[in-house]
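pasting the structure only:
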């Protein structure tokens with residue numbers, strides 16, 4: 001089971017719209033660019049047409065607003081479709097583990113219908129709706145190689161975005177902290193689990209939650225507090 005945790009504000013990292021920054025052209029055959037040492041690659045599958053830092057890239061800083069997600073015995077971070085794991089004082093761009101969940105899909109995700117089921121795609125990763133709320137990382141489904149996009153929800157009619165990190169300018173990033181939730185009214189563990197899932201779904205629907213983890217955190221805390229939990 002995984003849970004969303006807080007990623008503390010870090011020195012700024014940029015999600016640059018290519019049209020605004022001038023780093024990339026609008027053509028599908030855009031040349032790749034380097035930004036502060038980060039190699040970015042075009043993901044053109046299903047006409048997703050967005051740039052992402054290459055797997056294995058080590059960022060000195062996490063992008064501002066990243067979500068920290070505890071999963072299994074590990075800690076992971078997610079921002080705008082890019083997944084990271086801590087490696088020493090830095091953060092490596094990775095392919096996420098199967099089964100990890102996020103509350104919202106990444107910007108520009110592509111919707112696919114495969115075998116009568118709906119999947120979502122971004123940066124080489126496939127997502128499906130989680131049983132309760134949010135979305136779960138899944139293996140590429142059979143038929144993914146020949147699937148056609150049926151929608152590009154969240155995409156905007158502009159050049160792909162470049163996700164990159166600025167160079168180090170300070171100390172190491174402190175690890176994300178999993179909040180402690182205390183049932184003030186004697187709620188059972190099953191009730192706590194159900195309330196957390198419902199509150200995560202509600203928090204993810206709030207304005208600004210998709211772009212800023214702090215908004216998501218505050219909404220989640222407010223929902224749990226209203227249901228009789230103390231969050232620290």
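Received, thanks. As the structure is a computational prediction, the values presented were derived from the model and not from experiment.

Only C-alpha atoms from now on, for both contacts and neighbour counts.
OK.

How many residues are close by the nearest residue to residue 48 once chain neighbours are set aside?
Closest residue in space to residue 48, ignoring its immediate chain neighbours: residue 110 at 6.4 Å, by Cα to Cα, 6 or more residues apart in numbering. If you count neighbours by other Cα atoms under 10 Å, residue 110 ends up with 24.

Just grab the bridge partners of residue 110 for me.
Taking DSSP bridges, one finds residue 121 as the beta-bridge partners of residue 110.

I'd like the distance between it and residue 39.
To residue 39, residue 110 is 23 Å away according to Cα to Cα, to the nearest Å.

ok so, going back, surely the residue nearest to residue 48 is in contact with residue 121?
Yes. Using Cα atoms under 8 Å, residue 110 makes contact with residue 121 at a distance of 5.1 Å.

The residue nearest to residue 48 and residue 226: what is the separation?
Distance from residue 110 to residue 226, by Cα to Cα: 35 Å.

next one: residue 67
23 Å.

Could you check which of those two has the larger neighbour count?
Of the pair residue 67 and residue 226, residue 67 is the one with more neighbours under other Cα under 10 Å, namely 28 against 11.

Quick check: that one touching residue 79?
Yes. The criterion here is Cα under 8 Å, and residue 67 meets it with residue 79 at 6.5 Å.

so what sits against both of those two?
Between them, residue 67 and residue 79 share no contacting residue under Cα atoms under 8 Å, 6 or more residues apart in numbering.

Could you give me the buried positions within the longest helix belonging to the chain?
Counting by DSSP state H, the longest helix found in the chain is helix 189-204. Judged by neighbour count using 16 or more other Cα atoms under 10 Å, the buried positions of helix 189-204 are 192, 195, 196, 197, 198, 199, 200, 201, 202, 203, 204.

can I see the domain layout of the chain?
What automatic domain parsing lists as the domains of the chain is 2-108+156-164, 181-231.

Tell me the spacing between the residue nearest to residue 48 and residue 68.
To residue 68, residue 110 is 23 Å away according to Cα to Cα.

Then residue 136?
15 Å.

Quick check on those two: which one has the bigger neighbour count.
residue 68 (26 against 21).

Identify the bridge partners of the more buried one.
residue 5, residue 77.

What average pLDDT does stretch 122-140 get?
Summarised as a single mean, pLDDT over stretch 122-140 is 90.

Stretch 101-119 now?
What stretch 101-119 shows for mean pLDDT is 89.

What of stretch 196-213?
Stretch 196-213 comes out at a mean pLDDT of 71.

and if you look at stretch 146-159?
55.

does residue 41 sit in a helix, a strand or a coil?
What DSSP: H, G, I helix; E, B strand; the rest coil gives for residue 41 is strand.

any idea how far residue 47 is from it?
With Cα to Cα as the criterion, residue 41 and residue 47 are 14 Å apart.

quick one, helices of the chain?
Under DSSP H, the chain gives helices at 18-21, 189-204, 213-226.

Distance to residue 99 added to the ones you listed, as a markdown table?
Formatted as a markdown table, the helices of the chain follow (distance: least, Cα to Cα, whole Å):
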| stretch | distance to residue 99 |
| --- | --- |
| helix 18-21 | 32 |
| helix 189-204 | 16 |
| helix 213-226 | 21 |
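
Which of the ones you listed sits closest to residue 73?
helix 189-204 (19.1 Å; Cα to Cα).

Does anything pack onto that closest one? Which helices or strands?
With contacts taken as 3 or more Cα pairs under 8 Å, 6 or more residues apart in numbering; DSSP states H and E, helix 189-204 sits against helix 213-226.
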